[in-house]
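> Sequence and predicted structure are below.
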Amino acid sequence: MRLQFILSEIGIGLRRNLSMTVSVILVTCVSLTFVGAAALLQLQIGKMKDDWYDKVEVSVFLCPQNSSTPTCAGGEVTDEQKAQIRAALEAPEIEPYIEKIYEESKDEAFAAFQKQFKDQFWASVATVDDMNSSFRIKLTDPQKYQLVADVVSGRQGVEEVKDQRRLFDRVFLVLDRATLLTGGLAAIMLVAAVLLITTTIRLSALSRRRETGIMRLVGASTLFIQLPFMLEGAIAATVGALLAGGALWLGVQYLVTDWLGSSVGWIPYVSTADVMVVAPLLIVVAILLATISSVVTLSRYTKV
């Protein structure tokens, strides 16, 4: 009997404030979509770091035929210069910081280039002579890049030394700032959602103040009186969270997996499985928002 009464009160409240309830659902959906997007961005950054930092190398690009770099004034790197560079890298004071040295020829560099960018139209115009031979150096600790760079930078036959980790750090910095922006927008929208849920519950409580007064007079407990209002807010917020989860699932499936995944396939992207991890957290956040809003509002507007 009590459950039937509570359910009927919830139905009455949702019907009386239908427009406000729809507004709560939409605002909660938008705000939690931003929250979920921020969480997925952090998961994306984590996936990329795990994949890329494990493969990070120091690339020592050797002089090609026509380079304007002062260390390449003598033309293309010679076998003697290569031997001197390798000897410097294998010196006892540097050896502990290097896990592996791999020498890549121009032909190998061209083959790797064609494999990685085979889907790009501009890759077809490149030739073997456009490539640099190089030493690819796997470090025992990527943080020790500068020690290795100082050994080979400025040597005859070396055109450029690049640390892949620095390039990745720039990408991660951009993604981190995008996460902060998304998180800031999410925080603003969450505040708007709390205010809207509070307003909806207040209007519902005021419209049924006479009923709650009668319930108090016949001995109903505070929880029994407040529960329908709390559940109204929780239901609206949960529906918004479910819609946010659905929006994120569609976004990841069609924008990330189908579009980006087919265009740039060498990046480890977040998947719909990650959305299924984030979605329950959004529901928990929605229920917490509704609970906090309800407690703050009902403590005042259900008093008799």
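That came through fine. No experiment lies behind these values; they were computed from the predicted model shown.
> so which strand or helix has V60?
Applying DSSP states H and E as the criterion places V60 in strand 58-62.
> Grab the CA positions of that strand and hand them over as CSV.
Extracted in CSV, the C-alpha atoms of strand 58-62 (Å, rounded to 0.1, in the frame of the first residue of the first chain):
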residue,chain,number,x,y,z
VAL,A,58,65.7,8.8,-29.9
SER,A,59,66.1,9.2,-33.6
VAL,A,60,69.6,10.3,-34.9
PHE,A,61,69.0,11.4,-38.5
LEU,A,62,72.1,11.2,-40.6
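> what's next to the helix or strand just after it, contact-wise?
Counting by DSSP H and E, the next helix or strand C-terminal to strand 58-62 is helix 79-89. Outside of helix 79-89, the residues within contact range by C-beta atoms under 8 Å, 6 or more residues apart in numbering are 60, 62-63, 94, 98, 101, 103, 135, 137, 148, 151-152, 155-158. Where you see a C-beta, it was placed from the backbone N, CA and C, and this is true even at glycine.
> and with 10 Å instead?
58, 60, 62-63, 71, 74, 77-78, 94-95, 97-98, 101, 103, 133, 135, 137, 148, 151-152, 155-158 (C-beta atoms under 10 Å, 6 or more residues apart in numbering).
> What subset of these is buried?
58, 60, 62-63, 71, 77, 94, 97-98, 101, 133, 135, 137, 148, 151-152, 155-158 (16 or more other C-beta atoms under 10 Å).
> partners of the strand holding V60 in the sheet?
According to DSSP bridges, strand 58-62 forms sheet pairs with strand 134-139 (antiparallel), strand 158-163 (antiparallel).
> can you put these in JSON lines and add mean pLDDT and distance to F113?
Converted to JSON lines, the strands paired with strand 58-62 look like this (pLDDT from 0 to 100; distance: least, C-beta to C-beta, whole Å):
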{"stretch": "strand 134-139", "mean pLDDT": "84", "distance to F113": "12"}
{"stretch": "strand 158-163", "mean pLDDT": "84", "distance to F113": "15"}
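> Same list (these) but as JSON lines, adding distance to Q84.
Formatted as JSON lines, those follow (distance: least, C-beta to C-beta, whole Å):
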{"stretch": "strand 134-139", "distance to Q84": "12"}
{"stretch": "strand 158-163", "distance to Q84": "10"}
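> Could you name the stretch from these that's closest to M48?
Among those, the nearest to M48 by C-beta to C-beta is strand 158-163 (16.6 Å).
> Identify each buried residue in the closest one, please.
For strand 158-163, a neighbour-count test (16+ other C-beta under 10 Å) marks 158-161, 163 as buried.
> and if you look at stretch 71-90?
With the criterion 16+ other C-beta under 10 Å, stretch 71-90 contains buried residues 71-72, 76-77, 81-82, 84-85, 89.
> And Q84, how far from Q65?
From Q84 across to Q65, the span is 20 Å (C-beta to C-beta, to the nearest Å).
> The longest helix anywhere in the chain packs against which elements?
Longest helix in the chain, counting residues (DSSP state H): helix 164-207. Counting contacts by 3 or more C-beta pairs under 10 Å, 6 or more residues apart in numbering; DSSP states H and E, helix 164-207 packs against helix 2-16, helix 18-53, strand 58-62, helix 145-152, helix 222-250, helix 272-301.
> Quickly compare these and say which is most buried.
strand 58-62 (a mean of 23; mean count of other C-beta atoms under 10 Å).
> could you give the angle of it to helix 145-152?
Using axes from the mean of the first three to the mean of the last three C-alpha atoms, to 10 degrees, the inter-axis angle of strand 58-62 relative to helix 145-152 is 20 degrees.
> I'd like the average pLDDT over strand 58-62.
What strand 58-62 shows for mean pLDDT is 86.
> and the angle for that strand with helix 79-89?
Taking the same axes, to 10 degrees, one finds strand 58-62 and helix 79-89 inclined to each other by 160 degrees.
> buried residues in stretch 178-191?
179, 182-183, 185-186, 189-190.
> Now that we have those residues, can you turn them into TSV and tack on distance to K118 and pLDDT?
Formatted as TSV, the buried residues of stretch 178-191 follow (distance: C-beta to C-beta, whole Å; pLDDT from 0 to 100):
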residue	distance to K118	pLDDT
T179	32	77
T182	33	78
G183	37	79
L185	38	78
A186	39	78
M189	42	77
L190	45	79
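> So which of the residues you listed is the closest to S31?
Using C-beta to C-beta, the buried residues of stretch 178-191 come closest to S31 at M189, 3.2 Å.
> Grab the nearest non-local neighbour of that closest one.
Ranked by C-beta to C-beta, 6 or more residues apart in numbering and with sequence neighbours excluded, the top spatial neighbour of M189 is S31, at 3.2 Å.
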